[in-house]
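Trainee: Return atomic coordinates for the entry below.
(2 chains)
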Amino acid sequence: MQNLKKSEKSRGILAFAYNVETIDYVSIAQSTLKLASKNLNLPYTLITDKQFKNEFSNSRFDIDSGSFIPWRNVGRHHAYDLTPYDETLVIDVDYVVLNNDLTKIFDTEWDYLLQRNTFALTAEFPKLMGETSLPYIWATVFAFRKTAKSKIYFDMIGRIQRNYHYYRSLFNIQERIFRNDFAFAIADIVLNGYNISKCSIPENMLTVDQVIHSIEVLDKNLIIKDSSKSYVAPRTNLHVMSKAYLQSDDFKKLVDRLLDES
Amino acid sequence: MNHKEQLGYLTVACNDGKVDYLNLAYVQALCVKKTQKNNKFAVVVDGSTKKQLNEKHLATFDYVIEAPEHPYGRYGTEAFLFELTPFKETIKLESDLLFTRSIDHWINAFRLRDIVLSTGCQNYTQEISDVRAYRKTFDDNLLPDVYNGLMYFRFSQTAKNFFDAAKSIFANWTTVKNQIKNCREDEPSTDIVFALAAQIIGRESCTLPSADFINFVHMKPAINGFNNNLHSNQVFVTEFDQGMIRINNVNQYHPLHYYDKNFITDEMIKFYEQ
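Mentor: A predicted model of the protein is given here:
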């Protein structure tokens, strides 16, 4: 465990964005990172590749098109080596930071901190990686410090990624596709001495799991509208699964407005 | 009463042709010797099981006690343990239960009562189970959620009353079962008899609700989220790592009631015998 009192540490936000044919993740990242940076008062770094690579490395179900699309989600474990910060908050580009709650996690001591709980507007996510497996975490948002334990943790994630079929079988994981959520959970269980840790980013993450038309951000509330309903929620950070919305002009306008807010 | 030791572990091993309970008790005795400081071990056997004792068994068990003949069914021997135990203080275990670490410090909690029945159980992820699939009779009759898999009793009037009540229930099961709402047991199980006995003597005198760690991991299917037709080794990877038992990648720090009678491997026996 790092001694937080020793010296002032550099601190910042890190995100990964690898474009695929149908989704411009870099463009989404430009919006969400600016917003996160403003709300958390932290600098940010985006990790991407110079050229768009048309490789098919993984796939995920896309709620906007209702089909499976390419997904370049591997390599998240490189965050440890690539981050320019001593203390790093890593967010997915579809994680919309709308308050400053996450700044408070840096007041406590940990080597790495994961998001264990989420809830969604319309669906109930399974809690386990498979019917007879263990709980998974949400790699959508996590934080780490540059410590020996964190280094082992990320190396372990890399090993799981490279040997995913073995770990999938060992942990009774149902899905065939590689998910960071699973790799992060497995590495965490192993590193905790084969125990399930309960240490988590305190706030439950709200996932907007459906195709949406708009998000309205008020002082203390959010109004999220899909094709048939409006949902009112407290002003909390959002994991928005609809990439179509995140690429829309509506979202860009929302971000611009929030950036202009004093 | 002829007590020979202050404190020790006791189990019942009566082979029934299908399960070699004596072997399970042998592995348990080895495990207790390996993991506990207070590690005297006594086994209660019936006449036919006694004939199957070999040199290894005799070298490992500190006490071998022959159970009396009785008409109380398969599990009736359990009601006689108060008289049979060679210990003033007895930690009674079911034979298919193992430790991966010491529970010596539990004894301080045990001594808060004359008799302590473990309450509730945990699943393999080491969480208190809220599954009631095997406890419907208990819930229907508002019985205490006690398990006889791990219990403590000392030479005392309370313990005597408890075991006397248990004997009476075993002896009068035909009558008792008709008084129990939705009774599903033609032959009384020790769990239901001890729960009734606890109710009779007063659950407050034989349970420790505030010590919610006095229980064990129960590997029955529904408690652990898998199909009733399967054994845990068909569902989970089980590893034995120098005395630590890991089920589905979770270390079992709590006492483990493995339930599947084929759980013990040669590797385990070899390790414990070292």
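
Trainee: residue contacts, residue 159?
Mentor: All of this is about chain A. Listed by CB atoms under 8 Å, 6 or more residues apart in numbering or on different chains, the contact set of residue A:159 is empty. Where C-beta positions appear, they are placed from N, C-alpha and C, glycine not excepted.

Trainee: You answered for a different chain; I wanted chain B.
Mentor: B:82, B:114, B:115, B:153.

Trainee: Now it. Nearest residue, chain neighbours left out?
Mentor: residue B:153 (4.1 Å; CB to CB, 6 or more residues apart in numbering or on different chains).

Trainee: taking the contacts of residue B:159 one by one, which sit in helices?
Mentor: Per DSSP state H, helices hold the following members of the contacts of residue B:159: residue B:82.

Trainee: What count of nearby residues applies to residue 38?
Mentor: Picked chain A for this. 16 (other CB atoms under 10 Å in any protein chain shown).

Trainee: My question was about chain B, not that one.
Mentor: 17.

Trainee: give me the low-pLDDT residue ranges for chain B?
Mentor: B:1 (pLDDT under 70).

Trainee: so how far is residue A:148 from the residue of it found nearest chain A?
Mentor: Of all residues in chain B, the one sitting closest to chain A is residue B:251 (4.1 Å; CB to the nearest CB). Between residue B:251 and residue A:148 the distance is 22 Å, computed by CB to CB, to the nearest Å.

Trainee: the more surrounded of those two?
Mentor: Shown here are residue B:251 and residue A:148; by other CB under 10 Å, residue B:251 has more neighbours (20 against 10).

Trainee: Could you report the neighbour count for the residue in the stretch 1-150 of chain A that chain B sits nearest to?
Mentor: For the stretch 1-150 of chain A, the residue closest to chain B is residue A:132, as judged by CB to the nearest CB, at 5.0 Å. When neighbours are counted by other CB under 10 Å, residue A:132 registers 19.

Trainee: Not counting its neighbours along the chain, what's nearest whichever residue of the stretch 151-262 of chain A sits closest to chain B?
Mentor: Relative to chain B, the nearest point of the stretch 151-262 of chain A is residue A:194 (4.1 Å; CB to the nearest CB). Among residues not flanking residue A:194 along the chain, residue B:251 sits closest, at 4.1 Å (CB to CB, 6+ apart).

Trainee: Now do the contacts for that neighbour.
Mentor: Contacts of residue B:251 (CB under 8 Å, 6+ apart): A:193, A:194, A:195, B:100, B:244, B:245.

Trainee: just curious, which of the residues you listed is nearest to residue A:13?
Mentor: Nearest to residue A:13 among the contacts of residue B:251: residue A:195, at 29.6 Å, using CB to CB.

Trainee: give me the beta-bridge partners of the spatially closest residue to that closest one that is not a sequence neighbour?
Mentor: In space, and not counting its chain neighbours, residue A:195 is closest to residue B:251: 6.2 Å by CB to CB, 6+ apart. Here residue B:251 shows beta-bridge partners residue B:246, assigned using DSSP bridges.

Trainee: just residue A:67 next, same as before
Mentor: residue A:62.

Trainee: Could you tell me whether residue A:126 really is in a strand?
Mentor: No. Counting by DSSP: H, G, I helix; E, B strand; the rest coil, one finds residue A:126 to be coil, located in no strand.

Trainee: Am I right that residue A:19 is in contact with residue A:29?
Mentor: No. Counting by CB atoms under 8 Å, residue A:19 stays clear of residue A:29, with 9.9 Å between them.

Trainee: neighbour count winner among the two?
Mentor: The residue with more neighbours, out of residue A:19 and residue A:29, is residue A:29; 24 against 20, by other CB under 10 Å.

Trainee: re earlier: mind checking how far the residue of chain B closest to chain A is from residue B:23?
Mentor: Taken as CB to CB, the span from residue B:251 to residue B:23 is 25 Å.

Trainee: Touching the strand or helix carrying residue B:59 from outside, list them.
Mentor: Using DSSP states H and E, residue B:59 sits within helix B:55-60. By CB under 8 Å, 6+ apart, the residues outside helix B:55-60 that reach it are B:22, B:26, B:29, B:30, B:33, B:41, B:64.

Trainee: and the two most separated of the residues you listed?
Mentor: Every pair of the contacts of helix B:55-60 checked by CB to CB; the farthest is B:22 and B:33, at 16.5 Å.

Trainee: re the thing from before, counting neighbours, which bits of the helix or strand that the helix holding residue B:59 is followed by end up buried?
Mentor: Per DSSP H and E, the first helix or strand lying C-terminal to helix B:55-60 is strand B:63-66. Across strand B:63-66, burial judged by 16 or more other CB atoms under 10 Å in any protein chain shown covers B:63, B:64, B:65.

Trainee: Spit out the contact partners of the closest residue to residue A:255 other than its chain neighbours.
Mentor: Of all residues not flanking residue A:255 in the chain, residue A:31 sits nearest, at 4.5 Å (CB to CB, 6+ apart). Contacts for residue A:31 were tallied using CB under 8 Å, 6+ apart; they are A:246, A:251, A:252, A:255.

Trainee: Which residue, other than its chain neighbours, is closest to the third one?
Mentor: What sits nearest to residue A:252 in space, not counting adjacent residues and going by CB to CB, 6+ apart, is residue A:31, at 6.0 Å.

Trainee: mind checking how far that neighbour is from residue A:147?
Mentor: 32 Å.

Trainee: cool, residue B:89 as well?
Mentor: 47 Å.

Trainee: Look at those two and report which has more neighbours.
Mentor: residue B:89 (21 against 16).

Trainee: Quick one: list the elements packing against the helix or strand hosting the more buried one.
Mentor: For residue B:89, the host element (DSSP H and E) is strand B:87-93. Under the contact criterion of 3 or more CB pairs under 8 Å, 6 or more residues apart in numbering or on different chains; DSSP states H and E, strand B:87-93 touches strand B:5-13, helix B:106-110, strand B:146-154.
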